[in-house]
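Engineer: Next one to model:
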Amino acid sequence: MDSHRSGFVALIGRPNAGKSTFLNQVLGQKIAIMSDKPQTTRNKIQAVHTEADGQIIFVDTPGIHKPKHQLGEFMVNTALETLSEVDLIMLFIDVSEPFGRGEQFILDALRSVQTPVFLIMNKIDKIHPDRILERIEEYRHYHTFAEIFPISAVRNQNVDPLMSHIYEYLPEGPQYYPEDEITDHPERFIMAELIREKVLWHTRDEIPHSIAVIIDDVREEEQRKTYVQATVVVERQSQKGIIIGRNGAMLKTIGQQARTDIRTLLGTDVYLDLWVKVQKDWRNKARFLEEQGYSDKE
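Structural biologist: Got it, this is the predicted structure:
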């Protein structure tokens, strides 16, 4: 690259296609939470990758899927709006999974968008190399992709060549963000996501995605210690019991692990005060969604 290139790149794909793993691999720091459950990433995390002669701002769109409730509908609308505003779209697929209605839904949505699309065939470490060519041919029938890249995000295979290609598709432009900045989200958002990740990991199938985490208070205390108070919001009393666990054991485990990640994020010691409360059917309550920043009202 002779000139400075910079631009916005949207990451889309079904849940579990590996977008978060890719982002964390590229950035070398854990900012996109990883869970094997769908609908993990709700907000657009903008992750920034800076080189001497270019800068990529990754926009991690909420999973495009058929909405089942108000939160789902907001997420799909946000994702589709994002796609027409970016310079490049990266569609992630899990190459070891068969083509399904989820992919069809996304490709149908892409028809109305003029932006160039890279097809990122992730998780090539899971299948025989001969099958990769078959999958490429299969996907070529559905869309005219600007580029097709087989990668393994988790093993860092083919990720560097992909990054070079992304820059080729970006316009000449300024450096939008300082080079030490890797996300435009306030630390509170990342803290909430780190706590949510631990809840999802530990409760597995018992707790659906009907949880939210609210950071109620963050206070700097003396001797480089940060006090963080957070509330996990669930829809039912039974879910509250599961998260707290016998004699509070589950909540203690979740708190300890989240505290470790938050300490790394903030670079200070952390006291995490974690609470659980029940708010029935919060996903369909517009006012509550607005308070959580999920509303599209300005």
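
Engineer: Tell me where the model's unsure across the stretch 151-298 of the chain.
Structural biologist: Scanning the stretch 151-298 of the chain for pLDDT under 70 picks out 180-186, 208-210, 283-298.

Engineer: can you map out the strands along the stretch 101-250 of the chain?
Structural biologist: With DSSP state E, counting those that start in this stretch as the criterion, the stretch 101-250 of the chain has strands at 117-122, 147-150, 212-221, 225-234.

Engineer: Tell me which of those strands lies nearest to V9.
Structural biologist: Closest approach to V9 among those is made by strand 117-122 (8.6 Å; C-beta to C-beta). Just so you know, the C-beta spots here come from the backbone N, C-alpha and C atoms, and that holds for glycine as well.

Engineer: which residues touch the closest one?
Structural biologist: Among residues not part of strand 117-122, those counted as contacts by C-beta atoms under 8 Å, 6 or more residues apart in numbering are 13, 17-18, 21-22, 88-95, 110, 132, 135-136, 139, 143, 145-153, 162, 165-166, 169.

Engineer: which SSE is A10 in?
Structural biologist: Here A10 sits within strand 5-13, counting by DSSP states H and E.

Engineer: what about that strand, average pLDDT?
Structural biologist: Across strand 5-13, the average pLDDT comes to 88.

Engineer: From the chain's centre, how far out is the helix or strand hosting D273? Work that out for me.
Structural biologist: Element membership of D273, judged by DSSP H and E, is strand 269-278. On the basis of C-alpha atoms, centre = their mean, to the nearest Å, strand 269-278 sits 23 Å off its chain's mean C-alpha point.

Engineer: How about stretch 238-248?
Structural biologist: Chain-centre distance of stretch 238-248: 27 Å, with C-alpha atoms, centre = their mean.

Engineer: per-domain residue ranges of this protein.
Structural biologist: Per the record, the chain has its domains at 5-168, 187-291, by automatic domain parsing.

Engineer: Kindly compare burial across the strands of the stretch 101-250 of the chain and name the winner.
Structural biologist: strand 117-122 (a mean of 23; mean count of other C-beta atoms under 10 Å).

Engineer: chain center to that one, what's the gap?
Structural biologist: How far strand 117-122 lies from its chain's middle: 16 Å, per C-alpha atoms, centre = their mean.
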